[in-house]
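K.L.:
Everything below, folded, please.
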Amino acid sequence: MTEPRIHSPAHAPMRSPLGRAIGLGSAKEGVEHWWRQRVTAVALVPLTLWFVIAVIGLVGADHAVFVAWVRSPMPAILLVLLLVATFYHTALGLQVVIEDYIHREGMRLAALLIIRFLCVVFAVRGIFAVLKMALAA
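P.N.:
Residues are numbered from 1 along each chain as shown. Okay, the predicted model is just below:
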């Protein structure tokens with residue numbers, strides 16, 4: 001009769017890296033998350049530069065000039081893209097922070113849900129404001 005194998009910490013160094021990694025979760029999700037962060041970051045560079053340059057050009061303009069600017073198709077589209085990329089990138093980044101620093105499962109889930117909800121609310125509010133100005137009669 002053979003004795004059952006017991007995986008004690010003393011035997012851990014004898015296991016291969018693959019053996020230690022089995023059961024720790026899929027690496028595919030992390031890579032996809034990393035790529036999404038990088039793609040949104042790259043998209044935010046030209047969008048943010050465009051926005052800063054545009055706002056500098058509007059310094060001193062009154063509300064009517066700003067609304068007329070937003071009514072043009074290109075600024076409206078770029079503003080919506082900026083809002084989507086900004087809040088999606090924010091949600092992705094805060095997710096990493098929450099997963100790294102909140103260790104209690106219930107608190108982590110609650111924090112992730114709150115962050116996602118707030119990012120969606122802020123993005124929708126911003127998009128609504130842009131569309132309201134751009135499509136106003």
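
K.L.:
Show me the shaky parts of the protein.
P.N.:
Within the chain, the stretches with pLDDT under 70 are 1-13, 19-21, 23-29, 137.

K.L.:
Could I get the full set of helices for it?
P.N.:
Using DSSP state H, the helices of the chain run over 17-21, 28-57, 63-71, 73-101, 105-135.

K.L.:
Would you format these as CSV with mean neighbour count included?
P.N.:
Every residue, glycine included, has its C-beta placed from N, CA and C. Output for those, formatted as CSV (neighbours: other Cβ atoms under 10 Å):
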stretch, mean neighbour count
helix 17-21, 9
helix 28-57, 13
helix 63-71, 13
helix 73-101, 16
helix 105-135, 14
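
K.L.:
do you know how far Thr90 is from Ala61?
P.N.:
Relative to Ala61, Thr90 is positioned 28 Å away (Cβ to Cβ, to the nearest Å).

K.L.:
err, Ile102, not the other one
P.N.:
44 Å.

K.L.:
now swap in Gly106 and tell me
P.N.:
49 Å.

K.L.:
Kindly report the same for Ala85.
P.N.:
Ala85 is 25 Å from Ala61, by Cβ to Cβ.

K.L.:
Next: Cys119.
P.N.:
30 Å.
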